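Visitor: Whatever this is, show me its structure:
(4 chains)
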Number of protein chains: 4
Amino acid sequence: MTIKVGVLGAKGKMGSQTCQAVEAAADCELVAALDQGDELQQLVDAGAQVVVDFTRPEVVMDNLEFCIGHGISAVVGTTGFDEQRLDTLRGRLASNPDVGVLIAANFSIGAVLMMRFAAQAARFYESVEIIELHHPDKVDAPSGTARRTAELVAEARRIAGSPPVPDATTQELPGARGAEVEGIRVHGVRLRGLIAHQEVLFGDTGETLTIRHDSLHRESFMAGVLLGVRRIGGTQGLTVGLEHFLDLDAAR
Amino acid sequence: MTIKVGVLGAKGKMGSQTCQAVEAAADCELVAALDQGDELQQLVDAGAQVVVDFTRPEVVMDNLEFCIGHGISAVVGTTGFDEQRLDTLRGRLASNPDVGVLIAANFSIGAVLMMRFAAQAARFYESVEIIELHHPDKVDAPSGTARRTAELVAEARRIAGSPPVPDATTQELPGARGAEVEGIRVHGVRLRGLIAHQEVLFGDTGETLTIRHDSLHRESFMAGVLLGVRRIGGTQGLTVGLEHFLDLDAAR
Amino acid sequence: MTIKVGVLGAKGKMGSQTCQAVEAAADCELVAALDQGDELQQLVDAGAQVVVDFTRPEVVMDNLEFCIGHGISAVVGTTGFDEQRLDTLRGRLASNPDVGVLIAANFSIGAVLMMRFAAQAARFYESVEIIELHHPDKVDAPSGTARRTAELVAEARRIAGSPPVPDATTQELPGARGAEVEGIRVHGVRLRGLIAHQEVLFGDTGETLTIRHDSLHRESFMAGVLLGVRRIGGTQGLTVGLEHFLDLDAAR
Amino acid sequence: MTIKVGVLGAKGKMGSQTCQAVEAAADCELVAALDQGDELQQLVDAGAQVVVDFTRPEVVMDNLEFCIGHGISAVVGTTGFDEQRLDTLRGRLASNPDVGVLIAANFSIGAVLMMRFAAQAARFYESVEIIELHHPDKVDAPSGTARRTAELVAEARRIAGSPPVPDATTQELPGARGAEVEGIRVHGVRLRGLIAHQEVLFGDTGETLTIRHDSLHRESFMAGVLLGVRRIGGTQGLTVGLEHFLDLDAAR
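Guide: Numbering: from 1, shown residues only, chains lettered A, B, ... in the order given. Here you go, the predicted structure:
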């Protein structure tokens, strides 16, 4: 039996990619592809069971209210969710126990694995630094993924009671040692020809461990979107982060 | 309170390194450093609580029988353990419920993490290959760690029902595509200046994930040995593999 | 003053990319874009000064005879040139001293630099190996670039009188140590998500040097094609290999 | 015939390593190993043909005056040479035409090759950045080699008329984009377990080129020192930089 999927923001970059991915998946059927100006009612009429939302912060809460109210589960890549918004969603989901909503900041399974492994390795190493490498048209440095990775690594070290990362630098050309995110050094490289890449380097006496993720195409996010679509139907309530659908603790 | 540690094989490379590491650790005390010809009774006289054994397959079973019989736990890096030997140990430990024994093929925490992460990532990627790189005086190719990694990855793919790794090669100069270990391609590089290194490469549409471990010094195994020493006292029965002491499932 | 450029094989992958690149270049003008069935006379009528040929081995010699005879220089990426063909071209160019022809197997400036640097570094290192990494739809292993690099490195070592690369391997799972090209080990990795990549690793006591080239898009060949177009007008006779237009010896 | 070598600063780290390397080399003979307090006259008495100086800025000029005056060539790794000192040396060498002096800031052949290749590649790429990675006990960031590489790359781009490296960053956490050395971004990573490593990354549309050097042991400098010893006898006057003895332009 196929999953009937509706896409909101179907004309955007991620939305149109999602439409293609849903159509190409044997176990999914694209029943509605809506964008600005279209009626949400079409989702109901088409019998959508799961909605994928790549729209904008201004409209996503209304979209989700509609979906939850009509018993449609949702996979959401739209940004702008703070604790207040998440609480609002939890409240609405409480009264609709059959519906599930996944909010994910990153649909790259590789990036999620990298962050997870980095958090797990953090407490075993004296040193850790992060290098992210992107195309030179990117406006922010470091990347959101690098900041998030640094936060996760810092949290794991805090819980483990790790001392500060060692650094004897006394003479520094400004910026040479990178930016500091919760005590973790993060370096942003910008290079024509690159897309989106990140390395997390761990080091201790006599050994280093490196976890590297290379994103070469937006298409790589679709495996994560489809994973969300397949899992959200059987999941009640709110899930924040794709990592909860990777079943990593059960992996061995 | 410190842990009283005895070392067997104390004059060997790993044994002498272990003696240094135990003496340098604030929470451990080296109470006996024995080698060929020394009496095991010295362990009892010195009050050893934990023994680290880096000896040889011919003597390790006698050493462990003595330790278990005298209520001394053991951390064992000596090779040569097959299922029969492990069963013998389990039998002896059953009648000495306060004693724990750790048998570990690899005390490098980084290598253990690499293998664990590789096994976890395996089912999310269409492709995977392994490159191990060592100094040119190594006699076997691929390395034992590379073979073991390939087996773990292959097992994870089997459980997940992954199809074979794709490979359209029809014209191959013999050896160009590496060796095959349970369907996984493994490449062994030998280069002066290198010590012991390994990369596990995963790839899917539009993205790759790489996990790399670099071992630069035997000293790097000591963190794993000390972890074993600290944990084995509170662990009953037989433990095979350092990964069981890394508490990875509890990490997040 | 712009260079008037004609393209042969204009509907093929490389040809159409070349048409776009010529049109985008401020100092070039695309005056003819021909493919199978079109009359070569159009090149003359349009006043083409340089022709770029990405056709097929069966027709390229006729194309070049026409161009040389009409005083049009040529940049050729079509394959299939052996010594006999090159001699034929030299003969024809001898009687047309104003015309230049560049035959290049590889228009990637990065790949040409990698091969050049590898050849230069070869005699300083005891060890060298090559790893090439490509998408899993590639039918040959190792890649042509990897073979060519191995040949250049082997030649440089021969000239310098270097001894064979050290390798103590006595127990090998078949293929683990890669393919051998003139005494140099070459490893071919195939991974979904990759395009075309190569690493040349040099090693000696206490240090290693690595030269890596990553090709992510066919577009990357256009800088080399345009360099050929700009230089061939002022170059007489036959030039084999883009490296002759990089002026590397004059670089410092 | 062997080269008779004297070492000054023979008890220091580099000096003692040099003594070992000279003794191990079949074509060299260690005839004098002097340190603080020893008489330079011993060099003459022992018949030294080449002196290797790893002493200190305060004494090196006196050492060289003595050597030049006695017809002994010198290979110098001591730091602190400015233009004035070099001019002084040139003056003294002018009146002793049979003597040669090599002043080298870096005896790592790999580092010299990396800098050379980086300078040659510089003008072909829109983007370039440098990442240096060292142990966390290093006090300065970026490293001297990284600064020097950036200067060489910047100079090559200036000569070629390259535009500034592209960078659209408008929101930067301080330091995220590294330090700037003559317009080139340089990032310094500090990680326990590392020794001394550097990557130069070049990028253009659709491709990247990476040159990486890993120094794992001081022993790796000895090939450069011995190269200097073998070549300085046949070289008149002052040579600044080991690269002049690598014959790279003649390499192909």
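Visitor: can you map out the helices along chain A?
Guide: For chain A, applying DSSP state H gives helices covering A:13-24, A:41-45, A:57-69, A:83-94, A:109-121, A:144-160, A:222-232.
Visitor: what does the stretch 101-250 of chain A put close to chain C?
Guide: Residues of the stretch 101-250 of chain A found near chain C (C-beta under 8 Å from any C-beta of the partner chain) are A:Gly193, A:Ile195, A:Asp214, A:Leu216, A:Ser220. Every C-beta, even on glycine, is put in place using the N, C-alpha and C of the backbone.
Visitor: Give me the most central residue, chain A.
Guide: A:Asn106 (1.5 Å; C-alpha atoms, centre = their mean).
Visitor: residue of the stretch 51-200 of chain A with the smallest distance to chain C?
Guide: Nearest residue of the stretch 51-200 of chain A to chain C: A:Gly193, at 6.3 Å (C-beta to the nearest C-beta).
Visitor: Please name the nearest non-neighbouring residue to that residue.
Guide: Excluding the flanking residues, the one nearest A:Gly193 by C-beta to C-beta, 6 or more residues apart in numbering or on different chains is D:Gly203, at 3.7 Å.
Visitor: Count the neighbours of the one you found for me.
Guide: 28 (other C-beta atoms under 10 Å in any protein chain shown).
Visitor: quick one: it and D:Ala121 touch, right?
Guide: No - D:Gly203 is beyond contact range of D:Ala121, at 10.9 Å (criterion: C-beta atoms under 8 Å).
Visitor: so what sits against both of those two?
Guide: Common neighbours of D:Gly203 and D:Ala121, using C-beta atoms under 8 Å, 6 or more residues apart in numbering or on different chains, are D:Leu209.
Visitor: Distance check, the residue of the stretch 51-200 of chain A closest to chain C against C:Asp137.
Guide: Using C-beta to C-beta, to the nearest Å, we find A:Gly193 at a distance of 22 Å from C:Asp137.
Visitor: so where do the strands sit in the stretch 101-250 of chain A?
Guide: Shown for the stretch 101-250 of chain A, the strands assigned by DSSP state E, counting those that start in this stretch span residues A:127-134, A:140-141, A:171-172, A:179-181, A:184-190, A:196-204, A:207-215, A:237-240.
Visitor: any chance of those in JSON lines, with mean pLDDT too?
Guide: Listed next are these as JSON lines, based on pLDDT from 0 to 100:
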{"stretch": "strand A:127-134", "mean pLDDT": "98"}
{"stretch": "strand A:140-141", "mean pLDDT": "94"}
{"stretch": "strand A:171-172", "mean pLDDT": "96"}
{"stretch": "strand A:179-181", "mean pLDDT": "98"}
{"stretch": "strand A:184-190", "mean pLDDT": "98"}
{"stretch": "strand A:196-204", "mean pLDDT": "97"}
{"stretch": "strand A:207-215", "mean pLDDT": "97"}
{"stretch": "strand A:237-240", "mean pLDDT": "95"}
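Visitor: Would you check that A:Arg90 makes contact with A:Gly237?
Guide: Yes - contact criterion C-beta under 8 Å: A:Arg90 and A:Gly237 qualify, at 7.2 Å.
Visitor: Poorly predicted segments of chain A, please.
Guide: A:250-252 (pLDDT under 70).
Visitor: got the strands of the stretch 101-250 of chain A as JSON lines, with distance to D:Phe54 columns?
Guide: Shown next, in JSON lines, are the strands of the stretch 101-250 of chain A (distance: least, C-beta to C-beta, whole Å):
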{"stretch": "strand A:127-134", "distance to D:Phe54": "30"}
{"stretch": "strand A:140-141", "distance to D:Phe54": "41"}
{"stretch": "strand A:171-172", "distance to D:Phe54": "23"}
{"stretch": "strand A:179-181", "distance to D:Phe54": "37"}
{"stretch": "strand A:184-190", "distance to D:Phe54": "33"}
{"stretch": "strand A:196-204", "distance to D:Phe54": "29"}
{"stretch": "strand A:207-215", "distance to D:Phe54": "30"}
{"stretch": "strand A:237-240", "distance to D:Phe54": "59"}
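Visitor: ok, A:Gly193 and C:Asp137, which is more surrounded?
Guide: Between A:Gly193 and C:Asp137, A:Gly193 has the larger neighbour count (other C-beta under 10 Å), namely 25 against 11.
Visitor: ok, the more buried one touching D:Thr205?
Guide: Yes - assessed by C-beta under 8 Å, A:Gly193 is found in contact with D:Thr205 at 6.3 Å.
Visitor: shared neighbours of those two, anything?
Guide: Shared contacts of A:Gly193 and D:Thr205, counting by C-beta under 8 Å, 6+ apart, come down to C:Ser220.
Visitor: what bridges to A:Val50?
Guide: Counting by DSSP bridges, A:Val50 is bridged to A:Val5, A:Ser73.
Visitor: quick one: contacts for it?
Guide: A:Ile3, A:Lys4, A:Val5, A:Gly6, A:Ile72, A:Ser73, A:Ala74, A:Val75, A:Val229, A:Ile232, A:Gly233.
Visitor: again, only using 6 Å
Guide: A:Val50 makes contacts with A:Ile3, A:Val5, A:Ser73, A:Val229, A:Ile232, as judged by C-beta atoms under 6 Å, 6 or more residues apart in numbering or on different chains.
Visitor: neighbour-wise, which of these leads?
Guide: Neighbour max across the contacts of A:Val50 (other C-beta under 10 Å) = A:Val5, 28 neighbours.
Visitor: give the contact list for that one.
Guide: So A:Val5 contacts A:Val22, A:Cys28, A:Leu30, A:Val50, A:Val229 (C-beta under 6 Å, 6+ apart).
Visitor: I'd like to know how far it sits from A:Ser108.
Guide: For A:Val5, the distance to A:Ser108 - C-beta to C-beta - is 20 Å.
Visitor: likewise A:Glu126?
Guide: To A:Ser108, A:Glu126 is 29 Å away according to C-beta to C-beta.
Visitor: Between these two, which has more neighbouring residues?
Guide: Between A:Glu126 and A:Ser108, counting by other C-beta under 10 Å, A:Ser108 is the more crowded of the two (24 against 18).
Visitor: my read: A:Val165 touches A:Ser127, true?
Guide: Yes - between A:Val165 and A:Ser127 there is a contact at 5.4 Å, judged by C-beta atoms under 6 Å.
Visitor: Can you give me the distance of the closest residue in space to A:Arg148 that isn't next to it in sequence to B:Met115?
Guide: When the adjacent residues along the chain are set aside, A:Arg148 lies closest to A:Met115, with 6.5 Å between them (C-beta to C-beta, 6+ apart). For A:Met115, the distance to B:Met115 (C-beta to C-beta) stands at 19 Å.
Visitor: same deal with A:Leu89?
Guide: A:Leu89 is 39 Å from B:Met115, by C-beta to C-beta.
Visitor: Repeat that for A:Ala179.
Guide: If you go by C-beta to C-beta, the gap between A:Ala179 and B:Met115 works out to 32 Å.
Visitor: Which one of those two is surrounded by more residues?
Guide: For A:Ala179 versus B:Met115, the count of surrounding residues by other C-beta under 10 Å is larger for B:Met115: 26 against 23.
Visitor: Comparing the helices of chain A, which comes out most buried?
Guide: helix A:109-121 (a mean of 25; mean count of other C-beta atoms under 10 Å in any protein chain shown).
Visitor: what separates that helix from the chain centre, distance-wise?
Guide: 11 Å (C-alpha atoms, centre = their mean, to the nearest Å).
Visitor: For chain A, which residues are neighbours of chain B?
Guide: Contact residues, chain A versus chain B (C-beta under 6 Å from any C-beta of the partner chain): A:109-110, A:113, A:117, A:119-121, A:124, A:205-217, A:219-220, A:248-249, A:251-252.
Visitor: hmm, 7 Å instead?
Guide: With C-beta under 7 Å from any C-beta of the partner chain as the criterion, chain A comes near chain B at residues A:108-110, A:113-114, A:117, A:119-121, A:124, A:156, A:204-217, A:219-220, A:223, A:248-249, A:251-252.
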